[in-house]
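Trainee: sharing a model prediction with you, sequence too.
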Amino acid sequence: MKKIIFTIIFVLMLIPSCFSDQLSIPLSCWPIELQQAFEKEGIKLDLGPNERTDESWGFIENKGNYYNLITYRSATIEDFELIKRISFEIALKKEG
Amino acid sequence: MRKTSNRFIFSLFAFILVAGIAFAATPGYRSSPGTGDIMGQGKYQSDPHKIFRMVRYIPRTYSGAIALSADSIVIWDLTSDDGVTITTTSTSYDSAVAGIIVQNALTPDAVCCNSAADDRGKRNWTWLQTYGLSQVNVTPNTAVVSAGAALAASAVAGEAVPFIGGGTASTTQGMAGFFYDAAAAGADDVEVFLNID
């Protein structure tokens, strides 16, 4: 009986850690600019996982010539459209 | 003593149940299920991790090309050779299988031959899922799909087929994951697990 209870408890502890999505964008990024652009849209994007607060939507993982956005919840179609738009705006602006 | 122990265990059980829900900022079942919702998932705390890539779509042939619908299985484009361009295939079990697009992919503005750099900011960018729970459309040209069958691209553009072995040709060894559910030939939105990335 105890074994069953502790197995259930263990599984329940693991489940909430499985929400994130990883979105990979094949453009170089300026994390601060990305953060500011998302902020204008009302989305709190952190520069790293340790900045997480209750309002955080996700964080940036800068990989040089590409970057990942790690979310704290499932990304929506609206999120996908927004990320595409912001990513291209920033990338194309940098080139003048 | 035993009674106290049981109370303690059940108190702990109840606490962890509540705490588990509390520290997930926006649990999938409560709000913003998004793509998960569109794909028939997303309402449970067991929603798994998924990986998506922003990719460029070009049609295999430009003449008469139309948008590619969400839930289509696609391959990496062997002409662009850039790691960000996807297209459809007419080869069953194509080894270049890339994943499943989760958003409709529009055709490019240009008729032909733009590079990915040329197409930045254009309409033919979409999102490719490479890992995690997803769904796909199955080709009509197959037998019934068994749950647990290996997943591959079929000879019909954007549609999947169970992988049953590509012989000795190295170009036809592409497996993208497996089918979670049994499905009839031609079924749409069949639940699969992608395991490419």
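Mentor: The structure has been received and is ready for your questions.
Trainee: state which strand of chain A is the longest.
Mentor: Counting residues, the longest strand found in chain A (DSSP state E) is strand A:56-62.
Trainee: actually chain B, not the one I wrote
Mentor: When secondary structure is assigned using DSSP E, the longest strand within chain B turns out to be strand B:125-136.
Trainee: next helix or strand past the longest strand of chain A?
Mentor: Counting by DSSP states H and E, the element after strand A:56-62 in chain order, helix or strand, is strand A:67-71.
Trainee: can you give me the buried ones in that next one?
Mentor: Residues of strand A:67-71 classed as buried: A:67-71 (neighbour count, 16 or more other Cβ atoms under 10 Å in any protein chain shown). Quick note: C-beta positions are derived from backbone N, CA and C, even for glycine.
Trainee: what is the neighbour count of the nearest residue to residue A:22 once chain neighbours are set aside?
Mentor: If the residues on either side of it in the chain are set aside, residue A:22 comes closest to residue B:51, at 4.6 Å by Cβ to Cβ, 6 or more residues apart in numbering or on different chains. Taking other Cβ atoms under 10 Å in any protein chain shown as the criterion, the count of residues near residue B:51 is 19.
Trainee: can you check residue B:149 too?
Mentor: Neighbour count of residue B:149, defined by other Cβ under 10 Å: 22.
Trainee: what's the answer for the one 10 residues further on, then?
Mentor: If you count neighbours by other Cβ under 10 Å, residue B:159 ends up with 21.
Trainee: check which element follows the helix or strand bottoming out on mean pLDDT in chain B along the chain.
Mentor: Using mean pLDDT, DSSP states H and E, the weakest-scoring helix or strand in chain B turns out to be helix B:35-38, at a mean of 42. Under the assignment DSSP H and E, the closest C-terminal helix or strand after helix B:35-38 is strand B:50-57.
Trainee: separation between whatever residue of chain A ends up closest to chain B and residue A:51?
Mentor: With Cβ to the nearest Cβ as the measure, residue A:76 is the residue of chain A nearest to chain B, at 2.8 Å. Shown here: residue A:76 relative to residue A:51, a distance of 22 Å by Cβ to Cβ, to the nearest Å.
Trainee: about what we covered before: can you list the buried residues of strand A:67-71 in JSON lines and add pLDDT?
Mentor: As requested, these are arranged in JSON lines below (pLDDT from 0 to 100):
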{"residue": "A:67", "pLDDT": "94"}
{"residue": "A:68", "pLDDT": "93"}
{"residue": "A:69", "pLDDT": "94"}
{"residue": "A:70", "pLDDT": "91"}
{"residue": "A:71", "pLDDT": "90"}
